[in-house]
Structures are given as C-alpha cells and as structure tokens.
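Enquirer: Show me how the following folds:
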Amino acid sequence: MAARKRKTRGRDVNRAELAEIFGVSLPTVESWVRRSCPVGQRGGRGRAWKFNTAEVRSWRDDDIRAQASDTANASFDQLKLRKLAAETEQAELDLARAKDELVPVEQFERAMTKAFGEVRAGMRNVVPGRAARRLLGETDETNFKAVLLEEIDHALEALADSDLVLEEDLDLELDEDERATGA
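Expert: Take a look at the predicted model:
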C-alpha cells in the first residue's frame, strides 16, 4: 500500500500573498522556489502560483536550521556577519511586535478565513439575486457582461466598506483573567 500524503494545515496562497505573509519581497519568494521551496502549482500563462502556507513554513524552518548548522566551514568574519544579521532581524521583529505590527500566523489565517468567507457569502448572495432580476430577458452578451460586472463591483464595494475582520478576530488566546470572567 502506497504511503498517503499527509494533509497539512495552512491555506493556499499566490506569490504576492506568500511574500506578504512571510514579510519578504517577491524576488525572495522566487529565490526560495529556486532553492526547492514546496510549490503546489507553478504559475504561468494565466495560471496563478499556489503555495501552502504550512508547507512553506515547515520548509523555511528546515532551511533556516540547515543554514544555521552550516557553520563548520564558515570563517570567523562570516560567522560574525551572520550573528549581526540574526541580531538585526531579532531587533526588527521586537520593534514590529512593540508597534503591534506583528500578528501570529494562526491569528492571520483565522481572520483571513473569516474575511474570505464573508466575501464569498456576499458574492453568492448579493450578485445572483440582484443580477438575476436585471438580466431577465436580456439577450445581448455585452449588456449581460456589463450588468454582471456592475453587480460584482457593487458587491465588492459594499464588502470593502464593511469590517470583515474585527479586533476580536485577532485575539487568539484570552488571558487567564479573561477566561475566568468569561470576558
């Protein structure tokens, strides 16, 4: 019996979303791909790249460990530069955390799942109902497309004006005092 691929947590994202989630640039993501970052689907000619955030996080952890363990052949100056780079990165993370600019991946994924669910519900509920009434008897393809695009834009504008993610959506864990009081 062949081994089954283990289902991973995480979500599928494109290159730009992956770069944003990991706080890196698109050229960095491209560099990762060249260094064997797991790719769910390669992009090209109208097909988007797909990456699973959990698989990429696991690969990054392994890659960082491998780079860190490659110190046997490094010179003193190289080790010193790596230490300075690590200290700088830690300082930048600490600063981002102090500015409340850092959100744990689990919180981000939960908030994005909720937001995309709201977008999906909005598109499935608003567009067909409103568009169907306007399109009854329409036979011109150009008008048909124009009405659909107008309804899609209307639904997206309404969603853009609403709070898809609330502050409490980003609170992953309550303090013990909050749990005790049920707040």
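Enquirer: Report all helices and strands that the host helix or strand of D77 contacts.
Expert: If you go by DSSP states H and E, D77 is part of helix 76-98. If contacts are counted by 3 or more C-beta pairs under 8 Å, 6 or more residues apart in numbering; DSSP states H and E, helix 76-98 sits against no helix or strand. Placement of C-beta: from N, CA and C, glycine included.
Enquirer: Quick one: mean pLDDT for it?
Expert: For helix 76-98, the mean pLDDT works out to 85.
Enquirer: Check which residues of that helix are buried.
Expert: Of the residues in helix 76-98, none count as buried by neighbour count, 16 or more other C-beta atoms under 10 Å.
Enquirer: Run the chain-centre distance for that helix.
Expert: Offset of helix 76-98 from its chain centre (C-alpha atoms, centre = their mean, to the nearest Å): 25 Å.
Enquirer: Just the C-alphas of that helix, formatted as PDB.
Expert: The C-alpha coordinates for helix 76-98 follow below in PDB (Å, rounded to 0.1, in the frame of the first residue of the first chain):
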ATOM      1  CA  PHE A  76      35.100  34.000  11.700                       C
ATOM      2  CA  ASP A  77      34.100  37.000   9.600                       C
ATOM      3  CA  GLN A  78      31.200  35.100   8.000                       C
ATOM      4  CA  LEU A  79      30.000  33.900  11.500                       C
ATOM      5  CA  LYS A  80      30.200  37.400  12.800                       C
ATOM      6  CA  LEU A  81      28.200  38.700   9.900                       C
ATOM      7  CA  ARG A  82      25.600  36.000  10.400                       C
ATOM      8  CA  LYS A  83      25.400  36.900  14.100                       C
ATOM      9  CA  LEU A  84      24.900  40.600  13.300                       C
ATOM     10  CA  ALA A  85      22.200  39.700  10.700                       C
ATOM     11  CA  ALA A  86      20.400  37.500  13.200                       C
ATOM     12  CA  GLU A  87      20.600  40.200  15.900                       C
ATOM     13  CA  THR A  88      19.300  42.800  13.400                       C
ATOM     14  CA  GLU A  89      16.400  40.500  12.400                       C
ATOM     15  CA  GLN A  90      15.500  39.900  16.000                       C
ATOM     16  CA  ALA A  91      15.600  43.600  16.800                       C
ATOM     17  CA  GLU A  92      13.300  44.300  13.800                       C
ATOM     18  CA  LEU A  93      10.900  41.600  15.000                       C
ATOM     19  CA  ASP A  94      11.000  43.100  18.500                       C
ATOM     20  CA  LEU A  95      10.300  46.600  17.100                       C
ATOM     21  CA  ALA A  96       7.400  45.300  14.900                       C
ATOM     22  CA  ARG A  97       6.000  43.500  18.000                       C
ATOM     23  CA  ALA A  98       6.300  46.700  20.100                       C
END
